[in-house]
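Enquirer: The following comprises the amino acid sequence and a computationally predicted model.
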Amino acid sequence: MSLFKNIFPKKKSRWRTIATVSIASLLGLGAFIAYEAHVTSYLSDDPQACVNCHVMTPVYNSWMHSSHREWATCNDCHVPHDNVFNQYYFKAKDGLYHASIFTLRAEPDVIFMREESEKVVQNNCIRCHVQQITQAKYEDWIESHKSDRLDRTCWSCHRTVPHGRLHGLTTVKYNIAPVPTNQTEVVIPEWLEKEIDESKTAAK
Amino acid sequence: MKNKVLFIVTLVIVFLLGLLASSIINRKNEARYTSYVPQADIMKNDPRNEVWGEYYPQQYQSHLQTSDTNFVSFQGGSAMRDILEEDPNLVILWAGYGFSKDYNQGRGHFYSIEDIHNTLRTGGPDGPNDGPMPSTCWTCKSPDVPRLMNEIGIAEFYDGKWAAKGPQVVNPIGCADCHDANTMKLKISRPALIEAFDAMGKDIKKVTHQEMRSLVCAQCHVEYYFNKNLPGKEGTPYLVFPWKEGMSADDMEKYYDNIEFSDWTHQISKAPMLKAQHPGYETYLTGIHAKRGVSCADCHMPYKSEGGQKFTDHHIQSPLNNIQNSCQVCHREEAEKLKENVYEKQRKVKENRLALEEMLVKAHIEAKKCWDLGATEEQMESILMDIRHAQWRWDFIAAAHGATFHAPTEISRVLASGIVVAQEARVKLARLLAELGHNKPVQMPDISTKEKAQEYIGLDMEELRKDKEKFKENLLPKWLEQAREREQKWNNENVSASAQ
C-alpha cells in the first residue's frame, strides 16, 4: 500500500490536469509524426509507399523499368501471402526494422535482403511461376530446374530479375522517379491545355 | 520527488519524439534537395537538345546516335533510300501530288530538319509567302514547335506557308518533344493528339505510364490530314487525326468519305485521292505486341547499361539493329532466326502489296483512257471512288513501314480488301471501255525507271532541283543565321521569362 501511495500523488494536488496535458501533448506529437511519415500509406500495396523512404528510390526505379512493373508490386514479392495476418505481421515487423535503421542513419549504400526476406521472396517467385518450375516440358529444357527451387534461390540464376544486376545508389544516375514530393502526373503541359481551351472557345 | 521523476521522464520522451519528428522532416527534405530530384536548369520548352544534354549526357549522347545511317533492313532502316527509284510505280500512283517528285526512306530523328530542307516536296521558296507547303508541315519536325505554339498560338502556328516558319524551326526532334523540362516526365507537346482523344471521347490525362511510352510517339507516327474547314479556323490547314469513327483503315476511310475530304485529285485518273501518312501507332495497336502491353519504347528504346548504370537508350531505331536488347529480352531465340521471322512476314505481305499496286497503276491509266474516249463524270464516279478506296488501303500499308511486322494479320486483311475493291474497279473499267468502243487491253506506258515515270506524268525534275539549289543558296542560310542570333540571346533566365 505504501508503494502505491508513494507513486500516485495525493488527491488534492493538481496531478490530473498535469497528466492530461502531458498525455495530450504526447499523443499530439505522435499524431504529427504519423502524419509526417505518411503512416497510413503503409497499409496499401502502392509501391510509392516504399519510396516514402528515399533510400528505396533506386530499387523502386529499377523495378519501375522492369517487366515486373506491369504485374507485381513490392508487396507481391517481399511480403508473405499465405494468410492475411502473417502478411501484415511480417510487413509491420519489416517496416519497423527499416524505420529504425533509417532513423539511426545506419542504412548501407547497397541494400541486401535478410535471410527471412529471402525465404518470402523465393516462395513468392514460386507462387506465380509455379508452372515454369513444375511443368514436364521444362524438365527437358534444363534438367535441374525443378530440384533447384529447393536448394537455391531463383535469383542465383535469374540475377537481373527484377532490379538489375547491380544494386545501390549508383545504379540509377537520375533518381527522378516519384519521390514523395514529386508525384503529380502532368500529361498535358499547362500552356498547351490553355491554348487548346482558347482555341475551342474561339470555335464556338 | 515523484513529481520530479514524472517531470523528467515526460521531458525526455517529448524530447525524443521531437527528435524523431525532426529526423523525419529532415529526411523528407533530403529527398527533395539532394540527388533525388533533377538539378537541371532548363527553360520550359527549350528546343536546344544540347542544353538538355549538359544535364543528361548519357541520354543525349545515345540520342545523337540517331545520326547513324548504316543500318538497312528488308523494308526500312536508317539509311536514306530512294523509294521511287526502288519502285517507280509509286510515281504513277501519286501523280499530281508531292510524293511523286521525291520520296525517301526517313532517316533518324537527327535529320528531321535537314531532310525537310532538302526534299523536293517542300519546293524552293524564295520568301516567307512562297512554296507549295503550309506551315503545318513543320509540326512534327522539331521541339521548336511547342515553343512557337506557346508563343504565338496553335492556329497561328498552322497558318501561312512552310517558308514563313523556316527561321523559327531549326532544332531536330529531341528532348522537349517528349519530356517536361523540370521533372523529365513524359508529356504530350502536340495539340493534335489531345484533340483526337477528345474527339473519340477519351481523356488523355487518364492514361498509364506504360501507355505514355507509346503516346509520345503517337504524337507524330500516325495518320493525319490538314483540315481547312474547321469552324472558327476556316482557311487554316489545321492538323487533325481522323480517329473519330475509329482507328482502323476502314474507319478512317469512312471518316474521310463522310466529310468528302481528299488530299488531291489524281492527275491521270482524276480520282479524289487520299494520301495515307504513316499510321504506325494505329497499326501497332492492332498487333500482338500492343495487346500484350508492350510499348513503343520497350522495343525501340530498350534499356542499356554503361558503367553499371542503367538508362533508356535514346538511340531510337529499328529493333532489328539491336535484337539482343529488344527482342531477346522476351524471345529466347537466336538473333538471326528472329530477324528471318520478321523478314518472312514482311516478304509475304509485300507480295500482296505489290499485286495491289500493279492493279492500281493499271486502273489509273485505264481510267485516263476512258476520259480520253469521252466518258462522262456520271459514268466514272463509282470507278473513281473504288480507285480512291483501293489506293487508300494500299497506301495505309505502304506508308506505315513497320506495319507488316507490328500487325501482319490486320495488314493482310486490309490489303485483301483493297485487292477486292481494285478488282471491282477494273471490271467496271473494262465494261466502260467496251461501251466506249475500246474492247482490248489498254496500252501501258514504259515506267520501268523513276526518270521514265516522272517524265510520263510530265514533271520537270530539272526545274525542281534548280529551285531547290537556289533556296539552299539564298534563303536557307538566312534562316539559320536568324535562328543562331535568336538562340544566342537566350541565357536561361531571360528565355524563361519570354517563354512563360
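Expert: Everything's here; your move.
Enquirer: Stretch B:290-307 close to chain A?
Expert: Yes. Using Cβ under 8 Å from any Cβ of the partner chain, stretch B:290-307 comes into contact with chain A via B:Gly293, B:Tyr303. In short, each C-beta sits where N, CA and C put it, glycine included.
Enquirer: tell me how far the ends of that stretch are from each other?
Expert: Start-to-end span of stretch B:290-307 (Cα to Cα, to the nearest Å) is 32 Å.
Enquirer: Let's test this: mean pLDDT of it, rounded?
Expert: For stretch B:290-307, mean pLDDT is 90.
Enquirer: With stretch B:262-271 instead?
Expert: For stretch B:262-271, mean pLDDT is 96.
Enquirer: Contacts for that stretch next, please.
Expert: Applying Cβ atoms under 8 Å, 6 or more residues apart in numbering or on different chains, the contact partners of stretch B:262-271 are B:92, B:95-97, B:225, B:256, B:272-275, B:363-365, B:367-368, B:371, B:380, B:384-385, B:387-388, B:391, B:457.
Enquirer: Just the buried ones among the residues you listed, please.
Expert: By neighbour count, with 16 or more other Cβ atoms under 10 Å in any protein chain shown, those hold B:92, B:95-97, B:225, B:256, B:272-275, B:363-365, B:367-368, B:371, B:380, B:384, B:387-388, B:391, B:457 as buried.
Enquirer: And the helix or strand containing B:Glu378, how far out from the chain middle?
Expert: B:Glu378 is part of helix B:377-399, with elements assigned from DSSP states H and E. Helix B:377-399 has its C-alpha centroid displaced from the chain centroid by 23 Å (Cα atoms, centre = their mean, to the nearest Å).
Enquirer: one step back: can you tell me which of the buried ones among the contacts of stretch B:262-271 are in strands?
Expert: Using DSSP state E, B:Tyr225, B:Pro272, B:Met273 are the members of the buried ones among the contacts of stretch B:262-271 that sit in strands.
Enquirer: now, among those, which is nearest to chain A?
Expert: Proximity of these to chain A, judged by Cβ to the nearest Cβ, is greatest for B:Tyr225, which lies at 17.8 Å.
Enquirer: The closest one contacts B:Phe261, correct?
Expert: Yes. Contact criterion Cβ atoms under 8 Å: B:Tyr225 and B:Phe261 qualify, at 6.4 Å.
Enquirer: By residue count, what's the longest helix in chain B?
Expert: If you go by DSSP state H, chain B has its longest helix at helix B:335-372.
Enquirer: Over to the residue most central in space within chain B. Which of the three states is it?
Expert: Centroid-nearest residue in chain B, with Cα atoms, centre = their mean: B:His221, separated by 3.0 Å. Secondary structure state of B:His221, per DSSP: H, G, I helix; E, B strand; the rest coil, is coil.
Enquirer: Next one: it from B:Gly280, what distance?
Expert: Distance of B:His221 to B:Gly280, given as Cβ to Cβ, to the nearest Å: 4 Å.
Enquirer: Let me see the contact set for the residue most central in space within chain A.
Expert: With distances taken as Cα atoms, centre = their mean, the residue of chain A nearest its centroid is A:Cys50 (3.0 Å). Contacts for A:Cys50 (Cβ under 8 Å, 6+ apart) come out as A:Met56, A:Val59, A:Tyr60, A:Cys74.
Enquirer: what do you get for A:Glu70?
Expert: By Cβ under 8 Å, 6+ apart, the neighbours of A:Glu70 are B:Gln210, B:Gly293.
Enquirer: how about 10 Å then?
Expert: Contact partners of A:Glu70, counting by Cβ atoms under 10 Å, 6 or more residues apart in numbering or on different chains, are B:Thr208, B:Gln210, B:Arg292, B:Gly293, B:Val294.
Enquirer: cool, and B:Glu245?
Expert: By Cβ under 10 Å, 6+ apart, B:Glu245 lies in contact with B:Ala199, B:Met200, B:Asp251, B:Met252, B:Glu253, B:Lys254, B:Tyr255, B:Tyr256, B:Asp257, B:Asn258.
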